[in-house]
Each structure stands twice: as structure tokens, then as C-alpha cells.
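[1] how would this look folded up:
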Amino acid sequence: MQETGQPIKYTEKHIAEIIAQACTTPPDGRKKWTLALLTEELKKKEGFETINKESIRLVLKKAKISPSRRECGASKL
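    Presented below is the predicted three-dimensional model:
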């Protein structure tokens, strides 16, 4: 049963893709991902044209992942 509030905007597939992107090596010249950089990269992908930093932040927070600390892995999901 869905909670009240805004309808679900991103599917589990979208969420997995957000997490996967945050767990990749950042682009050349960058030491770590930022929310702004993740937003910029994800907007290039189909289905993410309207994504924003806050949506990414919430997804990563729920998954207990910090893009800047490179804390990724199955144990965190």
C-alpha cells in the first residue's frame, strides 16, 4: 500500500540507476561525486530529464550512501 503524499516519481529501476551512478568513478578531473555533478550526469539519461539534487539526495540517504565518501556496496543497500 502506497503512503499518502506525492505519487512515486522514480521506479525501483530509476533508484538503482541513481545508486549505481553514485558508485561509479567520478569523471576525469574530479575526486568525488557531488549532488550537482550527479544531477548533471543523470539528466543526460532517458527518464531523468527532470531529476534534481534533492531527489538524488533523498535516494542516496535512504540507501545510506554518501557519494562524496565512496561508500558503496551491497552491504550498504
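[2] relative to residue 62, how far out is the most centrally placed residue in the chain?
    The chain has residue 18 as the residue nearest its centroid, 3.2 Å off, counting by C-alpha atoms, centre = their mean. Look at residue 18 and residue 62: by C-beta to C-beta, to the nearest Å, they are 10 Å apart. Every residue, glycine included, has its C-beta placed from N, CA and C.
[3] mind checking pLDDT for residue 44?
    Predicted confidence (pLDDT) for residue 44: 97.
[4] quick one: it from residue 66, how far?
    Separation of residue 44 from residue 66 (C-beta to C-beta): 23 Å.
[5] ok, these two, which is more surrounded?
    Shown here are residue 44 and residue 66; by other C-beta atoms under 10 Å, residue 66 has more neighbours (15 against 8).
[6] pretty sure that one contacts residue 60?
    Yes: contact status for residue 66 versus residue 60: in contact at 7.0 Å, counting by C-beta atoms under 8 Å.
[7] what about residue 67, neighbour count?
    There are 23 residues near residue 67, going by other C-beta under 10 Å.
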